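K.L.:
when you get a sec, could you give me coordinates for this:
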Amino acid sequence: MLDQTNTGVYPMIRAGGFNGMLVSFDEKLSEAGNRAAIAFSSAVAAENWDGVEDVSSSLVSVCIRFDPLYLPHDLLRSKLQKLLKSADWDQAGLPEGRRFWRIPTVFGTELAPQLGEAADAAGLSEAEAIASISETRVRVQTIGFAPGQPYLGELPEAWDIPRQSELTGQIPAGALAVAIRQMVLFSASTPTGWRHIGQTALKLFQPHSETPFALRAGDEAIFTPVSVDTLRAFQNDTLCNPLGGATFEVIQ
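P.N.:
Reported below is the predicted structural model:
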C-alpha cells in the first residue's frame, strides 16, 4: 500500500520543498529499507524523466530534485507511484555496476587511538575487534554529511555501541570510525562523536576527477589490516595513487 501523506505506511511519498520529492521506505535504518532506497534511486535515474535534475539516496529514502515549471508535482507523483508499484523494492536486486573494495587499514596505534575504547564498549578484546571489523563485508549505505563520505554497515550486533557523549576535536581524512552498528569513512578532517578505530589513505573526494566520489551507494567493502609503515607509504604516494592502495572489482 502506498501512503502519499504521512500516516506511517511505507513506501511514502512526500513533497520536499518547492522542487523536491522524497520517497521513504522505512522510518529508520533497516536492511530492507536501505536496499529499497538504493534500488529505487537507480531505477528513477534510469527512467531519465524530462524535468528531473538530480536523484540521490539516503539511508532509507530517495530524494528527487526537479523543475516544477517543466514537470508538475502531480505528474511526478504519478510517475513515482507507478514505478513503486512495478516491483517489491524491499526485495529488489541492487543496481548493476556496484564494486567490491578492499581498503588497506591500520587499526589502533597512534593513528587510530580509540580502538581500545570502542572494543571495550563492544565487549571485545582489541584483537577480536580487529578481526570482527576486518572480516565483515559491509555495504555503502549512503553518501552524505561531506562530499564523497560513505556510511557503511551493518556490523555485527556487538557493535551497537553509542556515539561518544562529547565530540573528538578533530578526526583526519581517511579515518574509519564506528557507532550504532555502522562505520563512517571520513572524507575530510572534522570533529565527530564516532570513535576513531582505523586509518586509511583512500582519498574519497577527488574534485578534479571525472568521478569525484570514489565510493558509491551500493558498493561493498572490506577493511584489510596493514602495518603503519605500509599505510605511510600509501599516504606518501596519494598524488600518483589517490586510492591509497585500495583496489576494487565489479560485483557480478
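K.L.:
the protein: strands as residue ranges?
P.N.:
Counting by DSSP state E, the chain forms strands over residues 12-15, 20-24, 52-57, 61-66, 99-107, 138-143, 150-153, 168-171, 175-179, 182-185, 190-192, 195-199, 220-225, 247-250, given from the N-terminal end onward.
K.L.:
winner for burial among these?
P.N.:
Greatest average neighbour count among the strands of the chain goes to strand 195-199 (a mean of 26), per mean count of other CB atoms under 10 Å. (Glycine included, C-beta is placed from N, CA and C.)
K.L.:
mind listing the strands that one pairs with, and their directions?
P.N.:
Sheet partners assigned to strand 195-199 using DSSP bridges are listed as strand 99-107 (antiparallel), strand 175-179 (antiparallel).
K.L.:
wait, which of those is closest to Gly244?
P.N.:
strand 99-107 (6.9 Å; CB to CB).
K.L.:
what pLDDT, on average, does the closest one get?
P.N.:
Per-residue pLDDT values over strand 99-107 give a mean of 98.
K.L.:
quick one: that strand to strand 138-143, angle?
P.N.:
For strand 99-107 against strand 138-143, the angle by axes from the mean of the first three to the mean of the last three CA atoms, to 10 degrees is 100 degrees.
K.L.:
how close does Leu75 sit to Ala45?
P.N.:
Leu75 sits 18 Å away from Ala45 when distances are taken as CB to CB, to the nearest Å.
K.L.:
save the strands of the chain as JSON lines, and put in distance to Pro207 too.
P.N.:
Listed next are the strands of the chain as JSON lines, based on distance: least, CB to CB, whole Å:
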{"stretch": "strand 12-15", "distance to Pro207": "32"}
{"stretch": "strand 20-24", "distance to Pro207": "25"}
{"stretch": "strand 52-57", "distance to Pro207": "18"}
{"stretch": "strand 61-66", "distance to Pro207": "21"}
{"stretch": "strand 99-107", "distance to Pro207": "20"}
{"stretch": "strand 138-143", "distance to Pro207": "14"}
{"stretch": "strand 150-153", "distance to Pro207": "17"}
{"stretch": "strand 168-171", "distance to Pro207": "21"}
{"stretch": "strand 175-179", "distance to Pro207": "19"}
{"stretch": "strand 182-185", "distance to Pro207": "17"}
{"stretch": "strand 190-192", "distance to Pro207": "17"}
{"stretch": "strand 195-199", "distance to Pro207": "22"}
{"stretch": "strand 220-225", "distance to Pro207": "22"}
{"stretch": "strand 247-250", "distance to Pro207": "20"}
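K.L.:
and Leu75 and Ala45? Which one has more around it.
P.N.:
Set Leu75 next to Ala45 and count neighbours by other CB atoms under 10 Å: Ala45 wins out with 17 against 14.
K.L.:
make a markdown table out of the strands paired with strand 195-199 and add distance to Phe145.
P.N.:
Conversion of these to a markdown table gives the following (distance: least, CB to CB, whole Å):
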| stretch | distance to Phe145 |
| --- | --- |
| strand 99-107 | 19 |
| strand 175-179 | 12 |
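K.L.:
those: which one's closest to Gly198?
P.N.:
Of the strands paired with strand 195-199, nearest to Gly198 by CB to CB is strand 175-179, at 3.5 Å.
K.L.:
who's in contact with that closest one?
P.N.:
If you take CB atoms under 8 Å, 6 or more residues apart in numbering as the criterion, strand 175-179 is touched by 105, 112, 114, 118, 133, 155, 159, 161-163, 171, 183-186, 192-200, 223.
K.L.:
mean confidence (pLDDT) on it, please.
P.N.:
The predicted model assigns strand 175-179 a mean pLDDT of 98.
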